[in-house]
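Q: Any chance you could fold what I've pasted below:
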Amino acid sequence: MDMAPSGEAYRDVNTHTDIRARGWVAQLPEAWRPFALLMRLDRPIGAWLLFLPALWAFALAAPGWGVGVALILLFGIGSVVMRGAGCVVNDLWDRDLDRQVTRTAGRPLASGAVSPRQAVAFLGALLALGLVILVQLNGLSILLGVVSLVPVALYPLAKRVTDWPQAVLGLTFSWGAPMGYAAATGRLDAPGLLLYAAAFLWILGYDTIYAHQDREDDALVGVRSSARRLGERTRPFLIACYGGAVALLLAAGWRAGMGPLFFPALLLPALVLGWQVARLDIHDPARCLRLFQNNREVGLLIALAFLAGRL
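A: Numbers count the residues shown, from 1 in each chain. Model (predicted):
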């Protein structure tokens with residue numbers, strides 16, 4: 001596909017694509033739009049999914065409403081900024097591969113709408129903003145935030161060297177659980193670690209669904225993924241991931257001393273996860289995307305379960 005340097009290509013892609021240059025993004029000044037698309041502001045689902053494990057930690061362990069709301073604001077803004085930074089890193093690594101995949105060919109770096117030099121400068125600005133947010137937290141949280149940059153940087157490499165890049169993403173996107181728990185409590189003990197393990201399995205499951213959108217294109221360009229590895233065995237794998245995540249959430253609630261409302265409240269997100277498994281069709285990219293996006297509601301329901309357990 002011929003990609004025009006002007007950036008018109010990402011507006012005109014009409015096949016299955018992850019570019020959404022409409023809505024409020026279309027109202028931005030023209031020079032800003034490629035950068036908004038580069039950090040995926042057109043698709044906030046990624047920022048939600050990065051933020052939700054931290055929200056679980058606040059719902060589980062925040063010492064009061066005031067602290068909880070303040071941390072939600074800090075981590076909410078931080079999730080948008082750092083998810084954007086991660087997308088820039090990913091697209092810098094993958095710009096040549098992205099040109100060969102239908103869903104990603106219109107991304108700003110792949111299409112030429114943003115140059116690599118511009119992207120690096122933009123990444124520096126995002127990281128500086130992330131640092132301003134990070135230093136508002138306690139020492140343990142700052143340390144965890146700095147360490148999180150390692151899997152963020154390595155994730156784009158993982159798809160070139162392992163069939164399980166979704167596991168690397170799981171380690172990265174679940175980081176909000178221990179970091180949020182440390183921000184709320186000043187320590188990291190069993191409930192926070194159990195949250196991290198639960199979030200890891202949840203993310204490993206839903207990102208495998210997401211990866212099925214690109215399975216055929218990935219095979220052509222040599223990108224590896226759990227979707228390619230599992231193929232038709234994806235459904236039992238999801239049962240194991242989602243079942244393990246629910247079991248670990250139950251364990252986290254038990255170790256944290258949740259009240260009796262927590263356990264029946266967790267049944268609803270568990271049922272939604274089961275519905276995802278039942279509805280999965282790995283040969284339908286649009287359905288895979290919808291099931292992936294449904295995990296925002298799952299994450300919010302899990303947070304509500306923890307809040308119910310504190311009543």
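Q: Run through this protein and note the low-pLDDT ranges.
A: Within the chain, the stretches with pLDDT under 70 are 1-22.
Q: try 50
A: Counting by pLDDT under 50, the chain contains low-confidence ranges at 1-15.
Q: now residue 55: how far from residue 271?
A: 20 Å (CB to CB, to the nearest Å). Where C-beta positions appear, they are placed from N, C-alpha and C, glycine not excepted.
Q: what comes up buried for the helix ranked longest in the chain?
A: Secondary structure assigned by DSSP state H gives helix 65-98 as the longest helix of the chain. Applying a neighbour-count criterion of 16 or more other CB atoms under 10 Å, one finds 68, 71-72, 74-95, 97-98 buried in helix 65-98.
Q: And for stretch 234-253?
A: Here stretch 234-253 shows 234, 237-238, 241-246, 248-253 as buried, counting by 16+ other CB under 10 Å.
Q: any idea how far residue 280 lies from residue 252?
A: 26 Å.
Q: whoops, residue 80 was the one
A: 26 Å.
Q: same thing with residue 134?
A: Taking CB to CB, one finds residue 134 at 25 Å from residue 252.
Q: Just confirm residue 202 contacts residue 296, I think it does.
A: No. Look at residue 202 against residue 296 with CB atoms under 8 Å: they stay out of range, at 11.9 Å.
Q: which of these two has more neighbours?
A: Each of residue 202 and residue 296 has its neighbours counted (other CB atoms under 10 Å); residue 202 has more, 29 against 17.
Q: nearest spatial neighbour of that one, skipping sequence neighbours?
A: residue 245 (4.2 Å; CB to CB, 6 or more residues apart in numbering).
Q: can I assume that neighbour is in contact with residue 196?
A: No. Using CB under 8 Å, residue 245 is not in contact with residue 196; the gap is 11.1 Å.
Q: wait, what's in contact with residue 165?
A: Residue 165 makes contact with 155, 158-159, 224-226, according to CB atoms under 8 Å, 6 or more residues apart in numbering.
Q: could you redo the last one with a cut-off of 10 Å?
A: 154-159, 207, 211, 223-226 (CB atoms under 10 Å, 6 or more residues apart in numbering).
Q: Now for those: which two are most distant?
A: 154 and 211 (17.3 Å; CB to CB).
Q: quick one, which of those two is more surrounded?
A: Ranked by neighbour count (other CB under 10 Å), residue 154 and residue 211 place residue 211 first, with 26 against 16.
Q: Against residue 136, how distant is that one?
A: 35 Å.
Q: Over to residue 72?
A: Distance, residue 72 to residue 136, by CB to CB: 13 Å.
Q: what do those two both touch?
A: Counting by CB under 10 Å, 6+ apart, nothing touches both residue 72 and residue 136.
Q: Please work out which residues outside stretch 127-135 touch it.
A: By CB under 10 Å, 6+ apart, stretch 127-135 touches 73-82, 84-85, 88-89, 141-146, 148-149, 179.
Q: hmm, 6 Å instead?
A: Outside stretch 127-135, the residues that touch it by CB atoms under 6 Å, 6 or more residues apart in numbering are 74, 78, 81-82, 85, 142, 145.
Q: what does stretch 190-198 give?
A: Residues from elsewhere that reach stretch 190-198 (CB under 6 Å, 6+ apart): 56-57, 174, 177-178, 181, 245, 248-249, 251-252, 255-256.
Q: run the last query once more with 10 Å
A: Residues outside stretch 190-198 that contact it (CB under 10 Å, 6+ apart) are 53-54, 56-57, 60-61, 170-171, 174-182, 184-185, 188, 244-258, 302, 306.
Q: Among those residues, name the buried ones.
A: 53-54, 56-57, 60-61, 170-171, 174-182, 184-185, 188, 244-246, 248-253, 255-256, 258, 302, 306.
Q: taking those one by one, which sit in helices?
A: Per DSSP H, the buried ones among the contacts of stretch 190-198 map to helices at 53-54, 56-57, 60-61, 170-171, 176-182, 184-185, 244-246, 248-253, 255, 302, 306.
Q: what's near enough to touch the residue nearest to residue 202?
A: 197-206, 269-270, 273, 298, 302.
Q: Narrow those to those in strands?
A: When the contacts of residue 245 are checked against strands (DSSP state E), there are no matches.
Q: Which strand or helix spans residue 290?
A: helix 285-293 (DSSP states H and E).
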